[in-house]
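Visitor: fold the following, please.
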Amino acid sequence: MKIIFRYSLGLILALAGLPAAHGQVDSSARPLGSPVVGLDSSRLQVAIFIPLYLDSAFDDSGNYRYDKNFPKWITPGLEFYEGVQMALDSLQKEGAKLNVQIYDSKSVTQPMAQVVASPAFERTGLIIGQVSNATELQTLSAAAARKSIPFINVSYPNDGGVTNNPNLVILNSTLRTHCEAIYRYIQKNYLTRSLVFFRKKGTQEDRLYSYFTNMDKTTAGVPLKIKYVQLEDNFDANAIAPYLDSLLVTVCIAGSLDDSWGAHLCEVLAGLKSYRTTVIGMPTWDNIDFTKSEYAGEDVVYTAPFYFNPADSLVKELQQNFKARYYLRPSDMLYRGYEAAYRFSRLLLLHGKSLNGSIGEKKFKVFDDFSIEPVFLNKQTMVLDYFENKKLYFIKKVDGNVTTVN
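Guide: Residues are numbered from 1 along each chain as shown. Next up is the predicted model:
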């Protein structure tokens, strides 16, 4: 496998006192679109966009700005990059014949729009992106549409306004998908329970509310009997208790992505010892430390499109390799980078130019059971707008410990 890296990541690692990235890497910088020595034109080509901020990491004299440290905003991209490199090592050992080009999506000197318009990009057969905003998503989606090749959006949980583009694949499921899955989960598991939807005032909270009330109207099953309650900003137990059932378990749905608000809701509910509750939260709740004493005894359930089982042998191996190199425990970005690069590169090798029609195949599973399904936003025209991962994991925690994942 030939790995082409058009920015000098090896240099940033060396200047920061860390080992250079492993794998067969050509890290010499080249003018965009210039010939790449040794590039095998018969091989399938993958372009991977990662936010490495290399232009920001160096001053005008080429000196690294941060001594032997990495700023927090650089870390997710570097962890994702390390996961990609580990996947490429695995593919190389398997004899995969690919040309892989890695681009810094935050480059000032070679912006993303310039990269995708370059001659060097023309032979690309697959795009993988750790994108962070709608502009990046739209740029790569447009390039994928022009070339009729898949673009795997690994990180941004939004369609960015993209429509009529069956080349876009959203792995990090959208908010609408989370809400629809939560609704069905409650129908299946808590249909006869007392149900309360707590929310705060806000535009985003209005969206969450609308997703649930629309499901009330469109569900194929029995509609949920949910009480919708808007709380004041500084709510306390007195504002919550009237909506709880003293005899039965009340299922409380947290209708906000604000994890600090959600943490406060869980704390208040946990303090109401006369009531039994199960709290169903949002995907942002992975950031809350439920081991703290203020949440003691509370049943908490939240959704996640990715689940990396700490007992999994490959998860352990990747974590150990990362810790051996950097003396740090990686975030899930390491595993996302590995999974995306390995799984979809293998599918590209299997299907070649026909990959678009087979992007949803469940072959080459790494960690997650992705269910990549077509999305039709307009039910009248039924135009295929994009593909999205509809498989969500429901993670249940008590005292911070994962008790079930389904």
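
Visitor: shouldn't K365 be within a helix?
Guide: No: with the criterion set as DSSP: H, G, I helix; E, B strand; the rest coil, the secondary structure at K365 is coil rather than a helix.

Visitor: which parts of the stretch 1-150 of the chain are strands?
Guide: According to DSSP state E, counting those that start in this stretch, the stretch 1-150 of the chain carries its strands in the segments 2-5, 25-26, 44-50, 98-104, 124-129.

Visitor: export the ones you listed as a markdown table, with columns for distance to D60 and mean pLDDT.
Guide: Backbone N, C-alpha and C define where each C-beta goes, glycine included. Conversion of the strands of the stretch 1-150 of the chain to a markdown table gives the following (distance: least, C-beta to C-beta, whole Å; pLDDT from 0 to 100):
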| stretch | distance to D60 | mean pLDDT |
| --- | --- | --- |
| strand 2-5 | 22 | 52 |
| strand 25-26 | 25 | 31 |
| strand 44-50 | 23 | 96 |
| strand 98-104 | 17 | 93 |
| strand 124-129 | 29 | 97 |
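
Visitor: can you tell which of those strands is closest to L257?
Guide: strand 124-129 (22.4 Å; C-beta to C-beta).

Visitor: each with direction, which strands does that closest one pair with?
Guide: Applying DSSP bridges, strand 124-129 is found paired with strand 44-50 (parallel), strand 151-153 (parallel).

Visitor: what lies in contact with it?
Guide: 44-49, 84, 101, 105, 136-137, 140, 143-144, 147, 149-155, 340-341, 344-345, 348, 352-353, 355 (C-beta atoms under 8 Å, 6 or more residues apart in numbering).

Visitor: cutoff 6 Å now
Guide: 44-49, 140, 144, 149-153, 340, 348 (C-beta atoms under 6 Å, 6 or more residues apart in numbering).

Visitor: what about L140, how many residues close to it?
Guide: Burial of L140, expressed as a neighbour count using other C-beta atoms under 10 Å, amounts to 29.

Visitor: all helices of the stretch 201-350 of the chain, in order?
Guide: 203-218, 237-240, 259-271, 313-326, 332-351 (DSSP state H, counting those that start in this stretch).

Visitor: return the set of buried residues in the second one.
Guide: Within helix 237-240, the residues that qualify as buried by neighbour count (16 or more other C-beta atoms under 10 Å) are I240.

Visitor: now for the nearest residue to A341 once chain neighbours are set aside, how many residues are close by?
Guide: Counting by C-beta to C-beta, 6 or more residues apart in numbering, A341 lies nearest to A87, which is 3.8 Å off, once chain neighbours are set aside. One way to gauge burial is a neighbour count; for A87, by other C-beta under 10 Å, it gives 25.

Visitor: ditto for the one 10 residues further on
Guide: Neighbourhood size, K97 [other C-beta under 10 Å]: 13.

Visitor: go on, F80?
Guide: Considering only other C-beta under 10 Å, F80 is surrounded by 29 other residues.

Visitor: how about it, nearest residue that isn't a chain neighbour?
Guide: Leaving aside its sequence neighbours, F80 is closest to G337 (3.9 Å, by C-beta to C-beta, 6+ apart).

Visitor: R276 now?
Guide: The spatially closest residue to R276, leaving aside those adjacent along the chain, is V249, at 4.5 Å (C-beta to C-beta, 6+ apart).

Visitor: for the chain, which spans come out with low pLDDT?
Guide: Confidence mapping of the chain against pLDDT under 70 gives the ranges 1-41, 62, 68-70.

Visitor: about what we covered before: and the strands of the stretch 1-150 of the chain as TSV, adding mean neighbour count and distance to E205?
Guide: Below are the strands of the stretch 1-150 of the chain laid out as TSV (neighbours: other C-beta atoms under 10 Å; distance: least, C-beta to C-beta, whole Å):
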stretch	mean neighbour count	distance to E205
strand 2-5	22	43
strand 25-26	16	46
strand 44-50	25	32
strand 98-104	24	36
strand 124-129	24	29
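
Visitor: TSV for the ones you listed, including distance to Y275?
Guide: Listed next are the strands of the stretch 1-150 of the chain as TSV, based on distance: least, C-beta to C-beta, whole Å:
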stretch	distance to Y275
strand 2-5	56
strand 25-26	57
strand 44-50	47
strand 98-104	52
strand 124-129	45
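
Visitor: what's around A57, how many residues?
Guide: What A57 shows, counting by other C-beta under 10 Å, is a neighbour count of 21.

Visitor: any idea how far I102 is from it?
Guide: With distances defined as C-beta to C-beta, to the nearest Å, the gap from A57 to I102 amounts to 16 Å.

Visitor: and what of K391?
Guide: Applying C-beta to C-beta, the value for K391 to I102 is 27 Å.

Visitor: so what does the most far-flung residue of the chain relative to its centre look like in phi/psi?
Guide: When each C-alpha in the chain is compared with the mean C-alpha position (C-alpha atoms, centre = their mean), L247 comes out farthest, at 39.3 Å. The phi/psi pair for L247 (degrees, to the nearest 10) reads phi -100, psi -30.

Visitor: quick one: it and S194, what's the gap?
Guide: For L247, the distance to S194 equals 9 Å [C-beta to C-beta].

Visitor: L52 too?
Guide: Applying C-beta to C-beta to L52 and S194 gives a distance of 49 Å.

Visitor: what's the closest non-adjacent residue to K217?
Guide: Using C-beta to C-beta, 6+ apart and skipping residues adjacent in sequence, the residue nearest K217 is P223, 7.7 Å away.
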